[in-house]
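In: Turn this into a structure:
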Amino acid sequence: PLAYLNRILRILPMMAFITFVQTFVADQLPYSYRVASRSANYDACSDSWYKVLFFYANLEKEPVDVGCMAHLWYIQCDMQLFLLLPFMVLLFHWRRMAGLMFAFFTFLVGIAVRIYLGVWYEFSANFMLPANMPAHGGDQQMQYFKPWTRMAPYVCGVFTMLLIITCRDQKVVIRSRAIYFSLVCFACFILCCLVFWPYEDVKDLPEARWPLD
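Out: Model prediction:
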């Protein structure tokens, strides 16, 4: 419980302050000719500010529920993923192998979720200007904000941390050059997947991606 309390006390005050500024102050700031509304932020947050402060606005089904301080969706998602972390660490403390296996299994679940969403809904890499429309009524923008679609990299970091602690305590040192270069090649493969695959979606859309009109 103290782990959760410590994290909430560290995050919540600043979130509450900036949400207050966005709701009551931002609309009144002078924007010259770019002013479109003096109540847009207040209208977006007046009925949903508490969802942000209780870390669940990103779980709502309708996109309008993410409109209040939408850029805090990641803090909410991170907090939701953090709920698993003390249990993983506690299990690792009791039984190291069980903790490692649980973290790795959770990582595989996150990978399976992403594969299912990508294959079934045919999501492309760029959800702002997708190369093709999603199938079966999929909404990639809303899936973007959910913790179960972000779980894999988060838990991968947790698993790596637990694995490094185990290797350090067991005094395991990787001296094989083959293993080292295999890991480097695997990292380069991941980098290429992150760079070249999304580029295919936007390489022919410079004007549509950055419109001036």
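
In: so what's the residue most central in space within the chain up against?
Out: Taking CA atoms, centre = their mean, the centroid of the chain lies closest to residue 150, which sits 4.6 Å from it. Neighbouring residues of residue 150 by CB atoms under 8 Å, 6 or more residues apart in numbering: 77, 81, 110. For glycine as for every other residue, the C-beta is placed from the backbone atoms N, C-alpha and C.

In: And the pLDDT at it?
Out: pLDDT, residue 150: 89.

In: Could you do residue 167 as well?
Out: 88.

In: In contact with it, which residues?
Out: So residue 167 contacts residue 173 (CB under 8 Å, 6+ apart).

In: quick one: it and residue 100, what's the gap?
Out: 11 Å (CB to CB, to the nearest Å).

In: Look up phi and psi at residue 170.
Out: phi -90, psi 0 (degrees, to the nearest 10).

In: And for it, the neighbour number?
Out: A count of neighbours around residue 170, defined by other CB atoms under 10 Å, yields 9.

In: Run through the neighbouring helices and strands of the helix or strand containing residue 50.
Out: Element membership of residue 50, judged by DSSP states H and E, is helix 49-53. Packing partners of helix 49-53 (3 or more CB pairs under 8 Å, 6 or more residues apart in numbering; DSSP states H and E): helix 2-20.

In: what packs against the helix or strand just after the helix it packs on?
Out: Downstream of helix 2-20, the first helix or strand assigned by DSSP H and E is helix 40-45. The contact analysis (3+ CB pairs under 8 Å, 6+ apart) places helix 40-45 against no helix or strand.

In: Quick one: distance of stretch 69-76 to the chain centre.
Out: 10 Å (CA atoms, centre = their mean, to the nearest Å).

In: Stretch 114-123 now?
Out: 17 Å.

In: Stretch 162-179 too?
Out: Counting by CA atoms, centre = their mean, stretch 162-179 comes out at 29 Å from the chain centroid.

In: measure it end to end?
Out: 20 Å (CA to CA, to the nearest Å).

In: tell me which residues in it are buried?
Out: residue 162 (16 or more other CB atoms under 10 Å).

In: Let me have the contacts of residue 150 in a markdown table, extended by pLDDT, neighbour count and secondary structure.
Out: Formatted as a markdown table, the contacts of residue 150 follow (pLDDT from 0 to 100; neighbours: other CB atoms under 10 Å; DSSP: H, G, I helix; E, B strand; the rest coil):
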| residue | pLDDT | neighbour count | secondary structure |
| --- | --- | --- | --- |
| 77 | 91 | 22 | helix |
| 81 | 92 | 19 | helix |
| 110 | 92 | 21 | helix |
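
In: From those residues, pick the one nearest residue 61.
Out: residue 77 (15.6 Å; CB to CB).
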